[in-house]
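S.K.: just coords:
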């Protein structure tokens, strides 16, 4: 368990948390790559496409959160 430093700035907290979470995602992707072994697993191309479609969809959603403006201006259409 990671102990939070009391006087940690938002930037320091972001760096700590983002680094840890990014490394966890990368490790899970490496583990998923192990499933590519045809000697140990049987799968179809359709199943592979479903996996990567789901990953890409989630990646786009998360990336959009980083690219969106925090405050949306109200506008009448």
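M.R.: Nice, thanks for sending it over. In this text, all values refer to a predicted model and were calculated from it rather than measured experimentally.
S.K.: Please enumerate the helices of the chain.
M.R.: Using DSSP state H, the helices of the chain run over residues 10-33, 45-67.
S.K.: Same list (those helices) but as TSV, adding mean pLDDT.
M.R.: Shown next, in TSV, are these (pLDDT from 0 to 100):
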stretch	mean pLDDT
helix 10-33	97
helix 45-67	97
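S.K.: could these go into JSON lines alongside distance to residue 75 and mean neighbour count?
M.R.: No exception for glycine: its C-beta is placed from N, CA and C like everyone else's. Converted to JSON lines, the helices of the chain look like this (distance: least, C-beta to C-beta, whole Å; neighbours: other C-beta atoms under 10 Å):
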{"stretch": "helix 10-33", "distance to residue 75": "30", "mean neighbour count": "10"}
{"stretch": "helix 45-67", "distance to residue 75": "20", "mean neighbour count": "10"}
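S.K.: For residue 39, find the nearest of the ones you listed.
M.R.: Of all these, helix 10-33 sits nearest to residue 39, with 14.2 Å by C-beta to C-beta.
S.K.: how far is the closest one from where the chain is centred?
M.R.: For helix 10-33, the separation from the chain centroid amounts to 8 Å (computed by C-alpha atoms, centre = their mean, to the nearest Å).
S.K.: Give me the angle between that helix and helix 45-67.
M.R.: 180 degrees (axes from the mean of the first three to the mean of the last three C-alpha atoms, to 10 degrees).
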